[in-house]
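Asks: Any chance you can model this:
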Amino acid sequence: MLRACLCVATVLALHEPAASQPPARDNPPPRTGTASVSGRVVDASTGRALPRVEVLAESGGAMPHSTLTEGDGRYHFIGLPAGAYVIIATRPNYIRAAWGETRPEGPGQRITLSEGQQIGDLNLAIKRGGVITGRIVDEVGDPLPEVQVSALRYQYIEGSRRLIHSGRGGQSNDLGEFRVYGLPPGQYYVSAASRDFRSAPDGGSGYAPTLYPGTGNVAEAQRLTVVPGQTIAGISVMLVPVRTAKVSGIVIDASGRPLDRPRISVSQRVGGAPIGGFSFSIHSDGTFSVPNLAPGDYTVRASGPEGESARADITVAGGDINGLQLVVAKPSAIRGRVVFTPSATDQPPPKPTAIDIGAWREWAFGEQVRVSGKVHDDATFEISLAAGRVHLRAGARGPAPAGAVPWRLNRVVVNDVDVADSGIDVPPNGAIENVVVEITDRMGELSGRVIVDNGGQVNDCMVIVFAKDAAHWSVQSRHVIVARPGPDAVYRARLLPGDYYVVAMKELEPGIWTNAEFLAAAREQATKLSIAAGEKTSIDLRLSPVPVL
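Replies: Okay, the predicted model is just below:
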């Protein structure tokens, strides 16, 4: 019976799992107004108009406006509210492009719209993504069909540099041929993983996930450098049979009773990235047996109908693993209330239900990084989540109205102690009660320009403002702010009162400012400042080189 379940198992797509990225927040729908923007999207190499390109008008943290280009490549936004926007074009086989960008995947230029204003001819020329093609073969050189293939590259996720999937992966065809497309410029590893989980006649052989040119070790794999529009062809990856093993065990609840028909998922990790996986139902007595696992590192997860869950990281080294016990725990909870400090500007605080609140945890393979909570009309909230250390983050949804000061997280208080930076240890099958999440508009404002020796100004750069005290460099820190010069070439950052460093740099890897090692190196070139609530400070900056980590 179990073997039948495995044969129809759902194979997980080989993309970075949604659990390792922040889930979508419950943002309100895009606001409306009376301004409009129009333009045309063409292929950067040929100048040919491109239909059905998705174009986004993004403004701060608000839900972006979206439209598709028509047959002549034209797009048209109407009903936009006043504000500063970035216009972005995306298509699966092209590289994301922003209007006014100076490099692929650059930040682009913001445009400022007033009510009723109409702007035309915001045209974008987008470049085709890179492509990697080749063949997957077996140990005698015959083509292997239905092998999952993807391109992996390192990116910063919540402070750590992780190997994740990029571009549009797929599977090999009947000739063993594969094509991975839509790749942004960068360095990639090609991975191949057979998804054939049928047991061999002797129950003892299978194919291990392989990195080009033929290894399971990232340190021994060959990186491929891809530039826009480039096709790297002729990549051949040979999968070699290896001795497989069986993993068996039982899923029980906290009292030791077998869980009735839980779900089991198994996924393999290569260099921290998920390479393949499958899920299936288990017997009513909670026992399970997973055959035909190649040597490597795996994560086994169990889940029940009431949100119970458990996980185990295992290493298969050729021999069977028996007696694996997964003890599921019901979701724990964090409960408390949201309070607002007296306004520094006499503006009314937002409604409690307009506060977006969530619990963040350090990135871990396959784990949900952010768990959303719900704030009720009486300002109480509850977050249901798995046990472990988390950091609470909260603030008003969407950008503040024009001229208003945003409401942001000030403190998270548990037993009269501010734990916003240190985090909260959530126990299994338990709850943390009486948490006070304090929201404030009492901030200072830092602004300035980024200049060069000849007096010119730099717009295509990032300004990073971060707390002097490294204890504040926590997950989604409220003391680390990233800003860009606006259409007027001025950067602006709202800061909680305190001591900070500020530095300007170009061509940063996305998310690198979440890395403590980067911030420690960046402060050697940074300018110090202190700011109080309501204070306005102006500091002009010069570009600093990006530190080599």
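
Asks: who's in contact with A208?
Replies: Going by C-beta atoms under 8 Å, 6 or more residues apart in numbering, A208 touches G216, L239, V240, V242, A294, P295, G296. C-betas here are computed from N, CA, C, even on glycine.

Asks: Can you give me the pLDDT of the first one?
Replies: Going back to what we said before, that points to G216. What the model reports as pLDDT for G216 is 79.

Asks: quick one, phi/psi of it?
Replies: Main-chain torsions, G216, degrees, to the nearest 10: phi -100, psi 0.

Asks: and it, what does it touch?
Replies: A208, P209, T210, V270, P295, G296.

Asks: okay, now the domains of the chain?
Replies: As given by automatic domain parsing, the domain ranges for the chain are 1-19+130-329, 35-126, 332-440, 444-542.

Asks: Could you dump those domains into TSV with distance to L549 added?
Replies: TSV is the format used below for those (distance: least, C-beta to C-beta, whole Å):
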stretch	distance to L549
domain 1-19+130-329	8
domain 35-126	20
domain 332-440	17
domain 444-542	6
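
Asks: Lowest average confidence across those domains, which one?
Replies: Lowest mean pLDDT of the domains of the chain: domain 1-19+130-329, a mean of 80.

Asks: Out of the contacts of G216, which comes closest to V375?
Replies: Taking C-beta to C-beta as the measure, V375 lies nearest V270 of those, at 40.3 Å.

Asks: count of neighbours near S36?
Replies: Counted by other C-beta atoms under 10 Å, the residues lying close to S36 total 16.

Asks: which helices and strands sit right next to the strand or helix carrying it?
Replies: S36 is part of strand 35-43, with elements assigned from DSSP states H and E. Using 3 or more C-beta pairs under 8 Å, 6 or more residues apart in numbering; DSSP states H and E, the elements in contact with strand 35-43 are strand 74-80, strand 83-90, strand 111-113, strand 118-119, strand 124-126.

Asks: coming back round to it: which of the contacts of A208 tops the neighbour count?
Replies: A294 (24 neighbours).

Asks: burial of the nearest residue in space to R263 that is not next to it in sequence, as a residue count?
Replies: Distance criterion C-beta to C-beta, 6 or more residues apart in numbering; nearest residue to R263, sequence neighbours excluded, is S303 at 4.9 Å. If you count neighbours by other C-beta under 10 Å, S303 ends up with 19.

Asks: Is S303 bridged to anything, and to what?
Replies: Per DSSP bridges, the residues bridged to S303 are R263, S309.

Asks: can you start the count at 786 instead of 1 from here on
Replies: Okay, using 786 as the starting number, the last item reads as S1088.

Asks: Would you agree it is in contact with V1113?
Replies: Yes: counting by C-beta atoms under 8 Å, S1088 does reach V1113; the two are 7.4 Å apart.

Asks: Report the set of residues contacting both of these two.
Replies: Listed as contacting both S1088 and V1113 by C-beta under 8 Å, 6+ apart are P1047, S1094.

Asks: picking that back up, specify which member of the contacts of G1001 is nearest to H1161.
Replies: So of the contacts of G1001, ranked by how close each gets to H1161 (C-beta to C-beta), first place is V1055, at 43.8 Å.

Asks: Among the contacts of G1001, which ones are in helices?
Replies: Among the contacts of G1001, no member falls in helices (DSSP state H).

Asks: mind listing which of those residues are in strands?
Replies: Per DSSP state E, strands hold the following members of these: T995, V1055, G1081.

Asks: residue contacts, the last one?
Replies: Applying C-beta under 8 Å, 6+ apart to G1081 gives the contacts A993, P994, G1001, Q1053, R1054, V1055, T1100, V1101.

Asks: rerun that using 6 Å as the cut-off
Replies: Going by C-beta atoms under 6 Å, 6 or more residues apart in numbering, G1081 touches Q1053, V1101.

Asks: what's the answer for the second one, then?
Replies: Shown in contact with V1055 (C-beta under 6 Å, 6+ apart): P994.

Asks: Can you give me the separation between it and G1108?
Replies: Between V1055 and G1108 the distance is 26 Å, computed by C-beta to C-beta, to the nearest Å.

Asks: cool, and the last one?
Replies: From G1081 across to G1108, the span is 20 Å (C-beta to C-beta).

Asks: Parallel or antiparallel, list what pairs with the helix or strand where V1123 lies.
Replies: V1123 is located in strand 1117-1125, with elements delineated by DSSP H and E. Take DSSP bridges as the rule and strand 1117-1125 pairs in its sheet with strand 1165-1170 (antiparallel), strand 1216-1225 (parallel).

Asks: is it possible to export those strands to CSV including mean neighbour count?
Replies: Shown next, in CSV, are the strands paired with strand 1117-1125 (neighbours: other C-beta atoms under 10 Å):
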stretch, mean neighbour count
strand 1165-1170, 18
strand 1216-1225, 18
